[in-house]
Each structure stands twice: as C-alpha cells, then as structure tokens.
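Q: Next one to model:
(one chain, ligands or ions: 1)
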Amino acid sequence: MLPQQTSFFLKHQLATMAALFSSASSRDSHRSLMYHSIYSDRSITDDIFSVNLKNFTQQVNILKELDLSIVRFDEAKAGISITFDDGFLDNLTLAAPILFEAKLPFTVFVVSDYVDPAHPQFVNKEQLKKMASNPLVTIGSHGKTHRPLATLPLEEALEDLRQSKIELENIIGKEVSTMSFPHGSFNENILAGAEKLGFKKCGTSFPYPNQLNQDSVQVDRQCIYFCESKLSYKQKLEGKWDRLWRK
Ligand SMILES: [Zn+2]
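A: Numbers count the residues shown, from 1 in each chain. Predicted coordinates:
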C-alpha cells in the first residue's frame, strides 16, 4: 500500500469500528452506491477509488445473499442502486458481465470528453453504445470536462453539463436524464440549473440515504473504496455508515 492509501485505510478501519456501534437505518430509503474503476491487473496504484475485481465480485455476491432490493438510480424506490463514475472501460469489460449475470441494473456516469481514442482507459463511442444497448444499463452524464462545477462561473458550469448531455445523447441515441457531479462539486444554483437542462436525478458524493421522494433531484451516494471489507460493505448496505463519514 502506498502512503496515501495507508492513512486512508487506517481512517477507514476506525470508521468501520465506529459503525459497529451505530444502528442500522430504516430500509425505507434509497441508498445509492458510488463506484469508479474496477481492475484486475493493476498491482500498484495510489488510487483509493478503484476496487479490485475479486472484491467487486464478493460485493455483488453479498448483494445477492442479502436479497436486497436493487433499484435503478433514477427510481425513488426503497433499495440499493449501483452507480459508476467517469465511464471507465473496465466498467464494461469487468463489472458489467458480473452485474448482467446477476441481472442487476446499474448506472454509468460518463465524462463526454473522455469518450475519445485519446483516452483508452475510458469507453469509446462503440463501447458506450454497446453498454447503453443493454436494458440493465442507464447512461448518465458526469460533465463534459470533469472540472469541479462549483469552482466555475455558473453559466460555464451549466454549459459544460448541457454539452455533455447532447454529446452523450448523440452517441447512444437515447435521452440522458441523470448525472453525477464531478468531484462531488456543486451548489444549489448548479442543481437547479441541471434540473432545468432536463436532468431528473443528480448524484452527489454525500454519503446519506435518500428519502423516497419522486420530486427530489438530488441523490446522495455512499462511495465504495479500495479497502472495503465484507464487514464495512455490509455496514454501508445496512445504513450504518449513513452520516458517519465524509472523506
Ligand atoms: Zn469523476
């Protein structure tokens, strides 16, 4: 483990211990999980957001074992939704086959500028189309440029979102009505602007459960990290990490 990962890991262990004493929250909410890259071959990475394939497989097995209701990100229904940020190619090659096999729906938030041969670690147009053609998959926007939107002038932030929506829709030939905020960066004006652009559900990086409210545009999400254990993963599913942890 690299230094950045080690300190994160220790903090994560402490939070797992604290979660032992926190009570499970009501099942009557929508909890959304946020993944990024899934990898099978990278031995050294200082990325805390990438989950290795073995852990991911184990996590999907836990979802099946616990017989949880897996819902779509854009449904305001009780249960767990699965999302991936950035549009990594490994979402298609490694994660999707496991989720398809388990018949679990998931949403991939794609950075439209990364859909380009210059970025081989992300899906290209053909791969994105292929992924979008599966009825279990919802494609959402993760901005055009992946800049933190709240740091930009409002008009520029909304223009970034508007363009990403159009570019993704042109590729997949379907409406794109969900998005997640790059770096979790947004404010009330950006959220309201995103809704006006036609985004019905917007994913944040706040690790909170969501009340079952069809009108709510904001959908908070619990991040799944490289060091997730079976215990911490189950705790997150049970809501024991709700409001416990902000990175
Ligand atoms: Zn991102």
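
Q: Now do the helices in this structure.
A: With DSSP state H applied, the chain shows helices at 3-20, 53-65, 89-90, 96-101, 125-132, 154-172, 188-196, 230-238, listed in chain order.

Q: Quick check: which of the ones you listed is buried the most?
A: Comparing these by mean neighbour count (mean count of other C-beta atoms under 10 Å), helix 89-90 ranks first with a mean of 20. The C-beta positions use only the backbone N, C-alpha and C, and glycine is treated the same way.

Q: can I get the helices of the chain in a markdown table with distance to the ion?
A: Listed next are the helices of the chain as a markdown table, based on distance: least, C-beta to the ion, whole Å:
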| stretch | distance to the ion |
| --- | --- |
| helix 3-20 | 17 |
| helix 53-65 | 18 |
| helix 89-90 | 14 |
| helix 96-101 | 18 |
| helix 125-132 | 16 |
| helix 154-172 | 12 |
| helix 188-196 | 15 |
| helix 230-238 | 19 |
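
Q: Can you lay out these as JSON lines showing mean pLDDT?
A: Shown next, in JSON lines, are the helices of the chain (pLDDT from 0 to 100):
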{"stretch": "helix 3-20", "mean pLDDT": "90"}
{"stretch": "helix 53-65", "mean pLDDT": "96"}
{"stretch": "helix 89-90", "mean pLDDT": "96"}
{"stretch": "helix 96-101", "mean pLDDT": "98"}
{"stretch": "helix 125-132", "mean pLDDT": "98"}
{"stretch": "helix 154-172", "mean pLDDT": "98"}
{"stretch": "helix 188-196", "mean pLDDT": "98"}
{"stretch": "helix 230-238", "mean pLDDT": "95"}
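
Q: could you redo those as a markdown table and give each row distance to D74?
A: As requested, the helices of the chain are exported to a markdown table (distance: least, C-beta to C-beta, whole Å):
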| stretch | distance to D74 |
| --- | --- |
| helix 3-20 | 28 |
| helix 53-65 | 19 |
| helix 89-90 | 23 |
| helix 96-101 | 17 |
| helix 125-132 | 14 |
| helix 154-172 | 14 |
| helix 188-196 | 13 |
| helix 230-238 | 20 |
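
Q: among the ones you listed, which is nearest S40?
A: helix 53-65 (4.2 Å; C-beta to C-beta).

Q: Please compute how far that closest one lies from its chain's middle.
A: Here the centre of helix 53-65 is set off from its chain's centre by 16 Å, with C-alpha atoms, centre = their mean, to the nearest Å.

Q: Quick one: work out the angle between it and helix 230-238.
A: Helix 53-65 and helix 230-238 meet at an angle of 50 degrees, taking axes from the mean of the first three to the mean of the last three C-alpha atoms, to 10 degrees as the criterion.

Q: Dump the C-alpha coordinates for helix 53-65 into PDB.
A: Backbone C-alpha positions of helix 53-65 (Å, rounded to 0.1, in the frame of the first residue of the first chain) are rendered in PDB as follows:
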ATOM      1  CA  LEU A  53     -12.300  -7.400  -9.300                       C
ATOM      2  CA  LYS A  54     -12.100 -10.000  -6.500                       C
ATOM      3  CA  ASN A  55     -13.600  -7.600  -4.000                       C
ATOM      4  CA  PHE A  56     -16.200  -6.400  -6.500                       C
ATOM      5  CA  THR A  57     -17.300 -10.000  -7.200                       C
ATOM      6  CA  GLN A  58     -17.600 -10.600  -3.500                       C
ATOM      7  CA  GLN A  59     -19.600  -7.400  -3.100                       C
ATOM      8  CA  VAL A  60     -22.100  -8.400  -5.800                       C
ATOM      9  CA  ASN A  61     -22.400 -11.800  -4.000                       C
ATOM     10  CA  ILE A  62     -23.200 -10.000  -0.800                       C
ATOM     11  CA  LEU A  63     -25.900  -8.000  -2.600                       C
ATOM     12  CA  LYS A  64     -27.400 -11.300  -3.800                       C
ATOM     13  CA  GLU A  65     -27.100 -13.100  -0.500                       C
END
